[in-house]
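S.K.: Predicted model follows, preceded by the sequence.
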Amino acid sequence: MRTPSNDKIVEAAVALAEAWQNWANELLTAEEKGIALQAYLPDSYDMQKELTAWAGKRVASGGSPIRIRIVKGANMEMEQLEAAIHNWPLAPYDNKLDVDANYKRMVDFGMVAERIKAVHLGPWNRKRVAIILTFGPRASSGACSRANAL
């Protein structure tokens with residue numbers, strides 16, 4: 001569920017990076033900036049697409065790539081509790097299957113060789129098998145050279 005507060009997070013990240021670019025263009029183009037996106041939030045995939053498009057323009061104009069760390073999210077139970085206590089709609093997915101599917105979708109989107117030139121991906125998963133399955137099929141594509149299993 002896309003919310004105004006999540007839109008503001010993306011807007012703030014882009015505005016901050018653009019402000020830095022305007023203020024110190026030479027410094028910023030040499031530095032890699034980054035953000036962590038939590039796959040348990042449905043809006044994260046849309047945020048990733050927006051940030052990737054922005055980063056592509058940034059790299060095309062001589063700037064450095066950005067880094068996106070993709071994590072599943074560690075606060076699902078607390079989010080569920082807070083929503084129940086305050087009678088709020090639940091912001092994250094309400095089950096692990098949807099979280100895992102969104103995580104895989106985000107990693108698949110980010111591991112495309114053309115995109116990873118502008119966005120260095122850092123998927124995080126505690127299970128080594130998941131990391132192997134993430135990077136294994138892409139080893140020959142060149143995408144793995146700019147991605148890091150954090």
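M.R.: Good, I have the coordinates.
S.K.: Only C-alpha atoms from now on, for both contacts and neighbour counts.
M.R.: Will do.
S.K.: what distance separates the helix or strand encompassing Val59 from the middle of the whole chain?
M.R.: For Val59, the element it lies in under DSSP states H and E is helix 44-60. What separates the centre of helix 44-60 from the centre of its chain is 9 Å, taken as C-alpha atoms, centre = their mean, to the nearest Å.
S.K.: Next SSE downstream of that helix?
M.R.: Next element after helix 44-60 (DSSP H and E): strand 66-71.
S.K.: For that next one, which strands pair with it and how are they oriented?
M.R.: strand 33-38 (parallel), strand 119-123 (parallel) (DSSP bridges).
S.K.: closest to Ala55 out of those?
M.R.: strand 119-123 (6.6 Å; C-alpha to C-alpha).
S.K.: pLDDT of that closest one, averaged?
M.R.: Summarised as a single mean, pLDDT over strand 119-123 is 86.
S.K.: Excluding covalently adjacent residues, which one is nearest to Tyr40?
M.R.: Leaving aside its sequence neighbours, Tyr40 sits nearest to Val99 (C-alpha to C-alpha, 6 or more residues apart in numbering; 4.8 Å).
S.K.: how about the one you found, what does it touch?
M.R.: Val99 makes contacts with 39-41, 72, 93, as judged by C-alpha atoms under 8 Å, 6 or more residues apart in numbering.
S.K.: quick one: which helix or strand includes it?
M.R.: helix 96-110.
S.K.: got it, and Pro89?
M.R.: Per DSSP H and E, there is no helix or strand for Pro89.
S.K.: count of residues packed around it?
M.R.: Pro89: 12 surrounding residues under other C-alpha atoms under 10 Å.
S.K.: That one touches Ala83, doesn't it?
M.R.: Yes - Pro89 lies in contact with Ala83 (C-alpha atoms under 8 Å); the separation is 6.1 Å.
S.K.: before we move on, the earlier item: in PDB, list the C-alpha atoms belonging to the helix or strand following the helix holding Val99.
M.R.: Downstream of helix 96-110, the next assigned helix or strand under DSSP H and E is helix 113-116. Provided in PDB are the C-alpha atoms of helix 113-116 (Å, rounded to 0.1, in the frame of the first residue of the first chain):
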ATOM      1  CA  ALA A 113      23.200  -5.800 -15.700                       C
ATOM      2  CA  GLU A 114      22.000  -2.500 -17.100                       C
ATOM      3  CA  ARG A 115      20.500  -1.400 -13.800                       C
ATOM      4  CA  ILE A 116      23.400  -2.500 -11.600                       C
END
